[in-house]
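A.B. asks: Here is a sequence together with a model predicted from it:
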Amino acid sequence: MLTVFCFALCWLLQFPASMDLRALVQTQTSHTGWGDYAQRLLDGGFRQPGDGGHDDKAHPPIHPITVNNDLQGPEKAVYELVTRHFLACCSDDGTLSSLLRFFFFSLLQITFAAMWSASTSYAYQIAPPGLGAMTQALVGGIHFGLGLGAGSLFGGLFYDAYVTIFYCCCFLSS
């Protein structure tokens, strides 16, 4: 079984100890899409989600409370996202999933550090005398303002265009 996690809420937040997560998984066994997977969790694949370390005492992480096979459109998409994410939180981490997560997060950190040091260094080198700090600030503004905004915009457009593919990638089980 390969489980790929796309979200981190279950690892950031913590479910209350008094919450019966097995009962919530049990409610999903009658769903036509992932009922068999929920049953496999109850048959021995269930694991208690880790302690995320953050508990604001206001509410637990988002989770399904009932099963619904009749939703359509955006409601169905949100329900599937929440439910698949919850079931993934109650599943074992696959070895491949853990290794891939470690590799990509490490690669992200290394490439961001290299990009940032190269861009600020280059900005300082091409700046007129006495304006090195200003050009470095300009690089920061472009990256965190324009870059983050454009990335959010195009990421949102990509998400809207390929939402079905995204959901399939969020939760793969065999």
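C.D. replies: Right, received. Where do you want to start?
A.B. asks: In this protein, which helix is the longest?
C.D. replies: In the chain, taking DSSP state H as the definition, the longest helix is helix 95-126.
A.B. asks: Does it pack against any helices or strands, and if so which?
C.D. replies: Packing partners of helix 95-126 (3 or more Cβ pairs under 8 Å, 6 or more residues apart in numbering; DSSP states H and E): helix 132-141. Where you see a C-beta, it was placed from the backbone N, CA and C, and this is true even at glycine.
A.B. asks: can you list contacts of the helix it packs on?
C.D. replies: The contact list for helix 132-141 (Cβ atoms under 8 Å, 6 or more residues apart in numbering) reads 119-120, 123-124, 126-127.
A.B. asks: Only whichever of those are buried, select them in PyMOL.
C.D. replies: Burial among the contacts of helix 132-141 is assessed by 16 or more other Cβ atoms under 10 Å; the matching PyMOL selection reads:
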select buried, resi 120+123
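A.B. asks: thinking again about what came up before, got the angle between the longest helix of the chain and helix 132-141?
C.D. replies: 150 degrees (axes from the mean of the first three to the mean of the last three Cα atoms, to 10 degrees).
A.B. asks: could you give the mean pLDDT of helix 95-126?
C.D. replies: The pLDDT scores in helix 95-126 average 81.
A.B. asks: which residues of this protein fall in helices?
C.D. replies: Using DSSP H, the helices found in the chain span residues 9-12, 21-27, 35-40, 73-89, 95-126, 132-141, 148-161, 163-170.
A.B. asks: closest to Phe46 out of those helices?
C.D. replies: Nearest of those to Phe46, taken as Cβ to Cβ: helix 21-27 at 6.3 Å.
A.B. asks: so how far is that closest one from its chain's centroid?
C.D. replies: 22 Å (Cα atoms, centre = their mean, to the nearest Å).
A.B. asks: Next: stretch 133-151.
C.D. replies: Offset of stretch 133-151 from its chain centre (Cα atoms, centre = their mean): 25 Å.
A.B. asks: Quick one: end-to-end length of it, please.
C.D. replies: Across its full length, stretch 133-151 reaches 25 Å between end residues, using Cα to Cα, to the nearest Å.
A.B. asks: ok so, going back, export the helices of the chain to a markdown table and tack on distance to Val67?
C.D. replies: Output for the helices of the chain, formatted as a markdown table (distance: least, Cβ to Cβ, whole Å):
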| stretch | distance to Val67 |
| --- | --- |
| helix 9-12 | 19 |
| helix 21-27 | 5 |
| helix 35-40 | 8 |
| helix 73-89 | 8 |
| helix 95-126 | 26 |
| helix 132-141 | 48 |
| helix 148-161 | 25 |
| helix 163-170 | 17 |
